[in-house]
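>>> for reference, the sequence and a predicted model appear below.
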Amino acid sequence: MAQPSTQRLMSLYEDMLRVRFFEEKIDRELFPAGLIRGLTHLYIGQEATGVGVIRALEPQDYVLSTHRGHGHCLLRGSDPVRIYAEILGRRDGLCRGKGGSMHLCDMETNFVGCNPVVGANIPIGAGLAFACKYLNNGRLTAVFFGDGALNTGAFHESANLASLWKLPVFMVCENNRYAISVSVERASAVIDLADRAAAYGMWHETVDGMRVWDVWEAASRAAEVCRSHQQPVLLVCNTYRFVGHYTKDTLRYRPPEEARDEFREHDPIHLAERQLADDCAVDMRQLVDLRDRVKREIDQAAEAAKRIAPPPAQWALEDVYVEQG
Amino acid sequence: MSNRGERAQPGDAQPEPAGPRVREVAYALAVRTALREEMLRDERVFLMGEDIAVYGGVYGATRGLLREFGEKRVRDTPISEAAIAGMAVGAAIGGLRPVAEIMYCDFLSIALDAIANQAAKLGYMSAGQLAVPLVIRTSAGGHGYAAQHSQSLETWVAHIPGLKVVTPGTCADARGLLKSAIRDPNPVVVIEHKALYQTTGPMPAEETLEPIGVAQVVREGGDVTLVSWSAMAGVCLEAAQELAGEGIEAEVIDLRTLLPADFETVITSVRKTGRLVVAHEAVTYCGFGAEVVAQLTERAWGDLKAPPVRVGSRFAPIPLAEPLETYVLAGKAQVIEAVRRCARG
């Protein structure tokens, strides 16, 4: 494995901080204050996978995400004020308050969107990849999904077709070990999830999804194969969510010490800090300053979003249909 | 690209010779004509589905198109309805104009997430950032195929905001509505009728677009308004001709589009006749006829001289044996009986 470049690792670390602080703000403040309607799924613990993969993509590439997609959206470059505004259901939200946490979309960054029907984004991603190949525009389509989605028919149908038609779709399985409450061991007959790709003759790789540099390297290889050979790839990132499936999760299905131990041993942010200090000789004070700056940015974004008004009721009937142009 | 495995067959799509203004063609050829014209007009239009390329479609509606347009644009898929519909959604977002075939509307069940949760809602949920200009072609109707290949499930999709639903019952509409569907910037479900594919009817010689959302008065009459769509519209026309012999003049309206439906044309007619019969092949219970009746009673109650009457199939799965299927499916006899009852009421 190549020695990490200090500059790039710092940048990946900063991205992870941004996502972590963004989610902690929701977990500790916005949700408990009753400002968020419905369901909210946090990405805390999984930052290295999103950062490593999305930083291996080009701006013109499409990204499709899941119900747990705040981080992916932020990493594609959306304004955090507009993401918060959408999650809070405000008028300047990315989707004018229509979608909320589970339906973020920002086509200015080619973030096609979150999709909370598990597995549904996989054929859509394959279809986008089909369009890219048809139009010969050189774009990749990256589709994020969890271990749970690997058990849907939509995954299997799409994997077969993407491989058969050689579509440039980059499938990213964020294996956080639980589909809501059901563990991979209790849901999948095959524990090595990349075997699912082997069944369809797809290029595949498995990576420690808690180590951002490793994810970035693996994702760069996968993207290269996908783009230059015009074929689907599956990257399985083994990760873990330190928090519940959603903000009201009772976590009855896993022992309380499991998350504590995982956090102590495999927190991706802590692992990156150690790597920066040990391998790149970065001064800890520099990291502390960076944390403070990013945290301040996120706090300001959340405060700005809170000041935005809700949408007027009559917007509810707009955008049901596209007018014939 | 090569087009292995396909041989030219009689009836393959060919450049149309100059001819009379209206030609008699098979409904399947009308569908094929629309697909071919739109593929010639717009490079972004492509077809995907089961058995549509080499085989030319189980009803011949895509025959000859692989040879003319090649494998890039006419694509046989594996038996993967969820992926067919889901990929069509993605391809539409990515700038193409997919026409995906779900062979029987009974199989919409397998593709319905992509259609009802994704295609119908992504434009809305993204506040107009995404558009899904997608066509799902499928077939409905009883024709001797028993319970899982015979249903008329138009209400499944007509209930979903964000979709459009058209049900062509004539050759002219099979072509003209499909062409409009392909050009529409929204997802459109085109429900053809399998008993019609090999029947013939008039189709304009010139390229003609039929507007989505506009009903057609196919027979004028002053006594009863008879509303229908798909193959049942033709049955209603035959029934109206028989009823004329006993002195009842039915005004027959082919609704043609169920979403958005043209209730104005129906209301205008009921203001004249004061009586309404709605006939469809789907089961009566929760059929789209209920919506037509509700709209009319809400909006034109004062013009009704008699209670509206619905005609639909009996409340059972559709069986195979001919006497059983005939007993379950609504047909001309039920329409005639209903119109008589309404006219007397």
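That came through, no problem.

>>> skipping adjacent residues, who's closest to the residue of the stretch 151-300 of chain B found nearest chain A in space?
Of all residues in the stretch 151-300 of chain B, B:Pro185 sits closest to chain A, at 4.1 Å by C-beta to the nearest C-beta. In this view, the C-beta of every residue, glycine as well, is placed from N, C-alpha and C. Leaving out its chain neighbours, the residue that sits closest to B:Pro185 by C-beta to C-beta, 6 or more residues apart in numbering or on different chains is A:Val322, at 4.1 Å.

>>> and for A:Ala179?
By the measure of C-beta to C-beta, 6+ apart, the closest residue to A:Ala179 outside its immediate chain neighbours is A:Gly148, 2.9 Å from it.

>>> just to revisit the earlier point, you'd agree the residue nearest to B:Pro185 is in a helix?
No: with DSSP: H, G, I helix; E, B strand; the rest coil as the criterion, A:Val322 is located in coil rather than a helix.

>>> isn't it right next to B:Gly123, touching?
Yes: in this structure A:Val322 lies within contact range of B:Gly123 using C-beta atoms under 8 Å: 5.9 Å.

>>> which residues are in contact with both of those two?
Residues touching both A:Val322 and B:Gly123 by C-beta atoms under 8 Å, 6 or more residues apart in numbering or on different chains: B:Ala131, B:Asn186.

>>> more neighbours: the two, which one.
B:Gly123 (23 against 18; other C-beta atoms under 10 Å in any protein chain shown).

>>> what helix or strand is that one on?
Taking DSSP states H and E as the criterion, B:Gly123 maps to helix B:122-125.

>>> now for that helix, which elements pack on it?
Contact here means 3 or more C-beta pairs under 8 Å, 6 or more residues apart in numbering or on different chains; DSSP states H and E; on that basis helix B:122-125 packs against no helix or strand.

>>> what average pLDDT does that helix get?
Helix B:122-125 shows a mean pLDDT of 98.

>>> ok, stretch B:157-177 next?
The model assigns stretch B:157-177 a mean pLDDT of 98.

>>> check whether it contacts chain A.
Yes: using C-beta under 8 Å from any C-beta of the partner chain, stretch B:157-177 reaches chain A at B:Pro161, B:Gly162, B:Lys164.

>>> specify the beta-bridge partners of the last one.
As for beta bridges, B:Lys164 partners with B:Val188 under DSSP bridges.

>>> on that earlier part again, for the residue nearest to B:Pro185, what are phi and psi?
phi -90, psi 130 (degrees, to the nearest 10).

>>> enumerate every residue touching it.
Contacts here follow C-beta under 8 Å, 6+ apart; on that basis A:Val322 touches B:Gly123, B:Gly128, B:Ala131, B:Pro133, B:Pro185, B:Asn186.

>>> biggest separation within these, which pair?
Pairwise distances across the contacts of A:Val322 peak at 13.4 Å for B:Gly128 and B:Pro133 (criterion: C-beta to C-beta).

>>> more crowded one of those two?
Applying other C-beta under 10 Å to B:Gly128 and B:Pro133 shows that B:Pro133 carries more neighbours, namely 24 against 18.

>>> checking my notes, the more buried one in a helix, right?
No: under three-state DSSP, B:Pro133 sits outside any helix and is assigned coil.
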